[in-house]
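[1] Build me a structure from this.
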Amino acid sequence: MNNEFAFTLKRICFDEHYQPSDKTRTTTNFANLARGKSRQENLRNTLRMIDNRFNALAHWDNPKGDRYRVELDIISVEMDIGLSGAAPALPLIEILKTTVVDRETNERIDGMVGNNFSSYVRDYDFSVLLQGHNKDRHTFSTPEDFGDLHGKLFKCFVNSPVYKAHFRKLPVICLSVSSSKVYHRTENQHPVLGVEYLQAEYSLTDEYFKKMGLKVRYFMPPNSAAPLAFYFAGDLLGDYTNLELISTISTMDTFQKIYRPEIYNANSAAGKTYQPSLQHQDYSLTRIVYDREERSRLAVEQGKFAHEHFIKPYQAILEQWSARCAL
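    Residues are numbered from 1 along each chain as shown. As a prediction, the model looks like this:
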């Protein structure tokens, strides 16, 4: 893909002292945790949950269950659309990069890049464009070109020299499964990813990520309550080491227990046929404070921000660029 846009990466360490940047999307998982009176306790407990989950999965040569520690960097991606300095760099996406610290050997091991995925344009697509498109319709539908621009921008970034200079492997995004779909357990089992699930049709999110060049597979890791959706471009089982896979499972399983406890902190695990539900009542809460309603409201606000500051002012440039790029 011809890359006319320039990308800049910024890293912020996600630890118990993390303070969200002014440019960080406030709906982002990690930014939500770092606000309010409980911010430091939230962060400390979240990081402890991630480390405990990692060590439980990486149990070999780890008799005390404390050999590994996971470090997280927030990668913020800004894009310069090349208007001779007339336009500021635009915040595009945020992802997480994990690093695994082996306390026994003092080795620092590359973990997964991707994990969480946040995007202003995705907020616009789902919270503004899609809502407006279906406002007066009796049956739900998507605009014809829904997700095209976002998909091209994401692939443009992943194929850019900047991405390749910073990361050795393609990203893997790990999200919740869809509550609108039914998943069926298979006999396929991976030692780290766990039992694979399949579904009859893709969700809207699955289709959206497909336009980003990402396939999806669903696995329920050992001792998890529900499958996770893994979005990837290459070979999920062949391209990544066990420790890389564990780094994304431990991180995103922890986030999902906080944000969707009805699904991922349920007191009983998914069965052979499984449909997730946020109405499920038999679940446990973590000790981490989180306001889900506020997050939904902020997604709409940030979608409107993307429309006002990115989609609308640069619409002609974006359409011309998009027309020249094949999905």
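[2] can you tell me which residue is nearest the centre of this protein?
    For the chain, the residue nearest the mean C-alpha position is Asn116 (2.5 Å; C-alpha atoms, centre = their mean).
[3] Please work out the average pLDDT along the strand or helix carrying that residue.
    Using DSSP states H and E, Asn116 falls within strand 107-119. In this model, strand 107-119 has a mean pLDDT of 95.
[4] In a helix, Gln256, correct?
    Yes. With DSSP: H, G, I helix; E, B strand; the rest coil as the criterion, Gln256 is located in a helix.
[5] nearest spatial neighbour of it, skipping sequence neighbours?
    The spatially closest residue to Gln256, leaving aside those adjacent along the chain, is Tyr264, at 3.9 Å (C-beta to C-beta, 6 or more residues apart in numbering). No exception for glycine: its C-beta is placed from N, CA and C like everyone else's.
[6] Can you pull the phi and psi angles for the one you found?
    Taking degrees, to the nearest 10, you get phi -100, psi -10 for the backbone angles of Tyr264.
[7] do the same with Ser268
    phi -130, psi 140.
[8] Which pLDDT does the model give the residue nearest to it when sequence neighbours are not counted?
    The shortest distance from Ser268 to any residue other than its chain neighbours is 6.5 Å, reached at Asp282 (C-beta to C-beta, 6+ apart). Listed pLDDT for Asp282 reads 95.
[9] Please apply the same query to Lys272.
    97.
[10] One more: Gln199?
    94.
[11] and if you look at Arg295?
    For Arg295, the predicted pLDDT is 63.
[12] Could you do the one 10 residues further on as well?
    Note for Phe305: predicted pLDDT of 86.
[13] Chain neighbours aside, what residue packs nearest to it?
    Leaving out its chain neighbours, the residue that sits closest to Phe305 by C-beta to C-beta, 6+ apart is Tyr120, at 6.8 Å.
[14] What is the neighbour count of that neighbour?
    23 (other C-beta atoms under 10 Å).
[15] Distance across stretch 205-218, terminal residue to terminal residue?
    The straight-line separation of the ends of stretch 205-218 (C-alpha to C-alpha, to the nearest Å) is 13 Å.
[16] make that stretch 53-63, sorry
    14 Å.
[17] State the mean pLDDT of it.
    Mean predicted confidence for stretch 53-63 is 97.
[18] Next SSE downstream of the worst-scoring helix or strand of the chain on mean pLDDT?
    Among the helical and strand segments of the chain, the one scoring lowest on mean pLDDT, DSSP states H and E is helix 29-33, with a mean of 62. Downstream of helix 29-33, the next assigned helix or strand under DSSP H and E is helix 39-57.
[19] Show me what counts as buried in that following helix.
    Buried residues in helix 39-57, counting neighbours by 16 or more other C-beta atoms under 10 Å, are found at 39, 42-43, 45-47, 49-51, 53-55, 57.
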